[in-house]
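**Student:** Need coordinates for the below:
(one chain, ligands or ions: 1)
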Amino acid sequence: MTKTYTTRSGRTQALSPINVSFRPDEFTAILGTSGCGKSTLLHIVAGLEQPSTGHIEVNGTAVSGPGRDRGMVFQNYTLFPWLTVQQNVEFALRDLPMSRRKRHDQAREYLGLVGMEAFAAAHPSELSGGMRQRVAIARALSYQPRVLLMDEPFGALDAQTRQGMQMLLTRVWEEHRMSVLFVTHDIEEAVCLSDRVIVMSRRPGAIKADLAIDIPRPRGIDTLTSAELNGYKAELLQLIREEADDAQTAASAKRAG
Ligand SMILES: Nc1ncnc2c1ncn2[C@@H]1O[C@H](COP(=O)(O)OP(=O)(O)OP(=O)(O)O)[C@@H](O)[C@H]1O
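**Tutor:** Purely as a prediction, here's the structure:
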């Protein structure tokens, strides 16, 4: 597929032709310089944007809009402030054919999974950023999507909370595997969480590198200091630097001539 945005100020080609597939139980991180089209790719898979050419399929069915086979977690906490934590998760289950009791219990089960059961009656304003993101993850997982799309979900958190969230996500994912596409700017986070890291070239984004991360699971806090992690980090840093350098060279050439 490709994607070109057309606005009043002109046309922006966000994605060059991209042809990629993801396995049902694979955790993939997507890295790339700012503006290379990472969010665009995720939004197209989510059905929030349409590709300009080409198409997307989930489990053999063409995507034509958002659906419950795909859950999404954004960087900015997207909980409803007027609903309690429990109600926020139940809201995601509102259209599913289940009794009120079952909806309540399923919401509670997923809050338990992310350690937020005790805050079920709280409102989002009473929670820290990390806690809100845990609720957002519980909400996205509660309807058991095949694909979980995460757009810099920990980008607004401090380093320590972020590390805690990475460990939590690793544990949850290792227990309930599904296809995850995880956009991040953080190379260490990408390696630590993923089976596979895709590096995108600068805009219009294309796939520059597709790297398998062969670090054994289960992963934990020790993974962060492993020699393997450092090896992958160095390789990815080099790939990202090449893109940033190319962007600078192109900008200088444009200024010069
Ligand atoms: N709704 C939109 N309308 C017009 N142009 C857009 C729209 N969304 C994104 N773009 C443009 O498409 C390009 C890719 O944007 P996108 O947000 O996908 O990049 P990104 O890699 O996620 O960036 P960042 O890492 O900074 O979040 C950018 O040039 C951006 O300005």
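**Student:** Would you map the helices across the stretch 101-250 of the chain?
**Tutor:** Assigned by DSSP state H, counting those that start in this stretch, the helices in the stretch 101-250 of the chain fall at 129-142, 159-175, 187-193, 227-256.
**Student:** Remind me what the longest one packs against, helices and strands.
**Tutor:** Counting contacts by 3 or more CB pairs under 8 Å, 6 or more residues apart in numbering; DSSP states H and E, the secondary-structure elements packed against helix 227-256 are strand 27-32, helix 187-193, strand 196-200, strand 207-212. Yep, even glycine has a C-beta here, placed from its N, CA and C like the rest.
**Student:** just how off-centre is that helix within its chain?
**Tutor:** The chain centre lies 22 Å from the centre of helix 227-256; the measure is CA atoms, centre = their mean, to the nearest Å.
**Student:** For it, list every residue counted as buried.
**Tutor:** L229, Y232, L236, L239, I240, E243, A247 (16 or more other CB atoms under 10 Å).
**Student:** and the fourth one, what does it touch?
**Tutor:** To tie it back to what came earlier, the one meant is L239. For L239, the contact set (CB atoms under 8 Å, 6 or more residues apart in numbering) comprises V199, K208, A209.
**Student:** In TSV, list those residues along with neighbour count and distance to the ligand.
**Tutor:** Output for the contacts of L239, formatted as TSV (neighbours: other CB atoms under 10 Å; distance: CB to the nearest ligand atom, whole Å):
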residue	neighbour count	distance to the ligand
V199	23	12
K208	17	13
A209	17	15
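**Student:** Pull the number of nearby residues for P97.
**Tutor:** 5 (other CB atoms under 10 Å).
**Student:** do the one 4 residues further on as well
**Tutor:** The local packing count at R101 equals 8, with neighbours defined by other CB under 10 Å.
**Student:** How much space separates it from Q144?
**Tutor:** 18 Å (CB to CB, to the nearest Å).
**Student:** One more: G67?
**Tutor:** 13 Å.
**Student:** what do you get for G35?
**Tutor:** 34 Å.
**Student:** For the stretch 151-257 of the chain, which residues are neighbours of the ligand?
**Tutor:** R203 (CB under 6 Å from any ligand atom).
**Student:** residue in the stretch 151-257 of the chain nearest to the ligand?
**Tutor:** Residue nearest to the ligand within the stretch 151-257 of the chain: R203 (5.4 Å; CB to the nearest ligand atom).
**Student:** ok, that residue touching Q13?
**Tutor:** Yes. If you go by CB atoms under 8 Å, R203 and Q13 touch, sitting 7.3 Å apart.
**Student:** Low-confidence ranges, the stretch 151-257 of the chain, go.
**Tutor:** 256-257 (pLDDT under 70).
**Student:** what sits against the closest residue to I56 other than its chain neighbours?
**Tutor:** Once flanking residues are discounted, I56 sits nearest to V63: 4.4 Å by CB to CB, 6 or more residues apart in numbering. For V63, the contact set (CB under 8 Å, 6+ apart) comprises I44, V45, G47, H55, I56, E57, R70.
**Student:** Just these: which are in strands?
**Tutor:** E57, R70 (DSSP state E).
**Student:** What's the ChimeraX syntax to select whichever of the contacts of V63 are buried?
**Tutor:** Selection of buried members from these for ChimeraX, criterion 16+ other CB under 10 Å:
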select :44,45,47,56,70
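**Student:** Tell me the one of the contacts of V63 nearest the ligand?
**Tutor:** I44 (9.5 Å).
**Student:** and the closest residue to that closest one other than its chain neighbours, which of the three is it?
**Tutor:** In space, I44 comes closest to P51 once its chain neighbours are excluded; the distance is 5.3 Å by CB to CB, 6+ apart. Classification of P51 using DSSP: H, G, I helix; E, B strand; the rest coil returns coil.
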